[in-house]
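1. build me a model from this:
(one chain, ligands or ions: 1)
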Amino acid sequence: MSTHFQTTQSHTDPDVIDFGAGHPGDALLPRAILQAASAQRLSQPDASLLQYGLEQGDGYFRHALAQFLSRRYAAPVDMEHLFISSGASQALDLICTLYTQPGDVIFVEEPTYFLALRIFADHRLTVVPIATDLHGLDINALEAALATHRPALLYVIPTHQNPSGFTLPLDRRRRLLELSLAHNFLIVADEVYHLLSYDASPPPPLATFAEHNTVLGLGSFSKILAPGLRLGWVQAAPHHIQRLVASGLLDSGGGLNPFTSALVRVVLEEGWEDEYLERLHATYRQRIRALDAALQAQLGSVVTYDAPTGGYFFWLRLPERVDGEDLLQHAAAHKVSFRPGVRFSGQGGLRNYIRLSFAYYEDAQLAEGVRRLREVVREVYPSLP
Ligand SMILES: Cc1ncc(COP(=O)(O)O)c(C=O)c1O
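-> Have a look, this model is predicted:
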C-alpha cells in the first residue's frame, strides 16, 4: 500500500484481527482530554511552550509528574530525578549513545521486547539473553552470566513484561540491585506498563529504590495517555540526569517536547490522567476476561498461559512441535495475525510461543480473533486436540 497519505505507523486492515497491535484502538484514545487541555493552555498569553525547552524538561511539568508518580507508585519521586524524553524508545536510544560503545555486551531478558533489540542492533551491541521463569528474570542465571561477561547494561522490563506479562517480585528486585552494585553494571528498567496494573499493586519500580544509583527507569505516556504524544521520562540519580542533559542532542535542540509537556501538565494537574487511567484499567480488565474466556473455550486444550494482571499481552505457550511462524504464515488467509514468539528471543528460540495483545480490539473482536486462530491451528496441526 502507498504510504503517501498514511498518518499512522501501522495500517490495520479492517478485515483482519491483528493481535500484534500493541497499542490502543482509536476509540480508546483521549481526544476530549487533549482538546480540553489544549484549549486551557493555549488560551493563556504565555508563549513559553513554543520556545526551545529547558534541557531536563519543563520544571512545572516535572513537578506535576513527580507528584503524580509519587502518588501512583506509593513511593516518593523527586522532580530533580526526572528527565523528560520523547518516549521510552528515544530514551533507550539516548542511553545507548551515552553509556555504550559498539561491541559492548549488554544483557536482556529471554524473552524481551523485540523492538528494543532493534535499538541495540543500531548501536552494534552484543546482546546476551538471560533466562526468565514465571517470575521474570532468573537471578541465578544472571549471576552465572556475570561470571563470564562484564555487561555495559542490563535491559529489563520488571513489571507486566512485554511479551510474557511476568512481574519481578520484590526479593528478586533487591537481589538484582545488589548484583548491579557488586558487578558495577547499569540497569535500564523499562517500566512502561507499571501503571497498567489491574489487580494488586506491583512492587515499586526499580528506580524508586532510593539507595541505589545504578538504575535508569524508563516511563512513557504512550501506554497511559497516547503514543502519538511522544512523551516519556527517565527516573534516575542526579548524576545520570546530568549526563543525559549534557548530551549534544539536548544542547542543540533543547529539552524534548516542551509543547506536549505543557499540555500534559494540565492533564496531570486537573486530575484527568487519574480518571483516564481508571477508565483504561476497567476496559483492559474486561478485555482480559473476554480474551481469557475465548481462549479457554476455543483453544483450552492447546495453549497454556497465565492470564495477565496488567500490561497489554497474553503470552501463549503451544505444544513443543508447534512453530508460531508457521502459524503466522497461514494466519493471513484466515484474516487474523499475532506476533510469533521467536521475535522476542535474543537467540532464535521460543518458537512454540505466540503473543496476543488485547489493547486494540473490543471484546467481540477478541473472541472472533480467537475463533480464527483456532481455524489456523486446526489447519496447520490437524492432529492437535
Ligand atoms: C516494553 C516497551 N518499551 C517501550 C515501548 C515503546 O515506548 P514509547 O512509545 O514510549 O517509545 C513499548 C511499546 O510497545 C514497550 O512495550
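2. these two touch, right, Val376 and Ala332?
-> No - the criterion here is CB atoms under 8 Å, and Val376 misses it with Ala332 at 9.4 Å. From N, CA and C alone the C-beta is placed, and that goes for glycine too.
3. quick one: which of those two has more around it?
-> Val376 (21 against 12; other CB atoms under 10 Å).
4. mind checking pLDDT for the more buried one?
-> On pLDDT, Val376 comes in at 97.
5. check the offset of the helix or strand encompassing it from the chain's centre.
-> Using DSSP states H and E, Val376 sits in helix 363-380. A distance of 26 Å separates the centroid of the chain from that of helix 363-380, by CA atoms, centre = their mean, to the nearest Å.
6. in CSV, list the C-alpha atoms belonging to that helix.
-> Extracted C-alpha coordinates of helix 363-380, given in CSV (Å, rounded to 0.1, in the frame of the first residue of the first chain):
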residue,chain,number,x,y,z
ASP,A,363,-14.4,-7.9,23.4
ALA,A,364,-16.4,-9.3,20.5
GLN,A,365,-13.5,-8.9,18.1
LEU,A,366,-11.1,-10.5,20.5
ALA,A,367,-13.4,-13.5,20.7
GLU,A,368,-13.8,-13.6,16.8
GLY,A,369,-10.0,-13.4,16.5
VAL,A,370,-9.5,-16.4,18.8
ARG,A,371,-12.1,-18.3,16.7
ARG,A,372,-10.0,-17.6,13.6
LEU,A,373,-6.8,-18.5,15.4
ARG,A,374,-8.3,-21.9,16.2
GLU,A,375,-9.0,-22.4,12.5
VAL,A,376,-5.4,-21.7,11.7
VAL,A,377,-4.2,-24.1,14.4
ARG,A,378,-6.5,-26.8,13.1
GLU,A,379,-5.4,-26.3,9.5
VAL,A,380,-1.7,-26.4,10.2
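7. elements contacting it?
-> strand 17-18, helix 272-299, helix 324-331, strand 336-337 (3 or more CB pairs under 8 Å, 6 or more residues apart in numbering; DSSP states H and E).
8. let's see 10 Å
-> With contacts taken as 3 or more CB pairs under 10 Å, 6 or more residues apart in numbering; DSSP states H and E, helix 363-380 sits against strand 17-18, helix 272-299, strand 313-317, helix 324-331, strand 336-337, strand 353-357.
9. can you give me the end-to-end span of stretch 327-344?
-> 16 Å (CA to CA, to the nearest Å).
10. how far does it sit from the chain's center?
-> For stretch 327-344, the distance to the chain centre is 21 Å (CA atoms, centre = their mean).
11. same deal with stretch 361-380?
-> 25 Å.
12. tell me which residues in that stretch are buried?
-> Residues of stretch 361-380 classed as buried: 361, 363, 366-367, 369-377, 380 (neighbour count, 16 or more other CB atoms under 10 Å).
13. now distance to the ligand too, for the residues you listed, in a markdown table please.
-> Below are those laid out as a markdown table (distance: CB to the nearest ligand atom, whole Å):
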| residue | distance to the ligand |
| --- | --- |
| Tyr361 | 16 |
| Asp363 | 22 |
| Leu366 | 18 |
| Ala367 | 24 |
| Gly369 | 19 |
| Val370 | 22 |
| Arg371 | 26 |
| Arg372 | 23 |
| Leu373 | 21 |
| Arg374 | 26 |
| Glu375 | 28 |
| Val376 | 24 |
| Val377 | 26 |
| Val380 | 28 |
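14. closest to Thr112 out of those?
-> Closest approach between the buried residues of stretch 361-380 and Thr112, by CB to CB: Leu373, at 23.9 Å.
15. residues in contact with the closest one?
-> By CB atoms under 10 Å, 6 or more residues apart in numbering, the contact list for Leu373 reads 17, 19, 294-295, 298-299, 302-303, 316, 327, 331, 334, 336-338, 354, 356.
16. and the residues you listed, which are buried?
-> 17, 19, 294-295, 298-299, 302-303, 316, 327, 331, 334, 336-338, 354, 356.
17. can you narrow the residues you listed to ones near the ligand?
-> Among the buried ones among the contacts of Leu373, no residue lies close to the ligand (CB under 6 Å from any ligand atom).
18. re the thing from before, tell me which two in the buried residues of stretch 361-380 are the farthest apart.
-> Every pair of the buried residues of stretch 361-380 checked by CB to CB; the farthest is Asp363 and Val380, at 26.5 Å.
19. all strands for the stretch 151-300 of the chain, in order.
-> 153-156, 186-190, 215-220, 232-235 (DSSP state E, counting those that start in this stretch).
20. SS state for Ala66?
-> helix (DSSP: H, G, I helix; E, B strand; the rest coil).
21. mind checking pLDDT for the nearest residue to it once chain neighbours are set aside?
-> Closest residue to Ala66 apart from its sequence neighbours, by CB to CB, 6 or more residues apart in numbering: Met79 at 3.9 Å. pLDDT for Met79: 98.
22. around the ligand, which positions in the stretch 1-150 of the chain sit nearby?
-> Residues of the stretch 1-150 of the chain found near the ligand (CB under 6 Å from any ligand atom) are 22, 87-89, 113.
23. out of these, which one has the lowest pLDDT?
-> Among these, Gly22 has the weakest pLDDT, 91.
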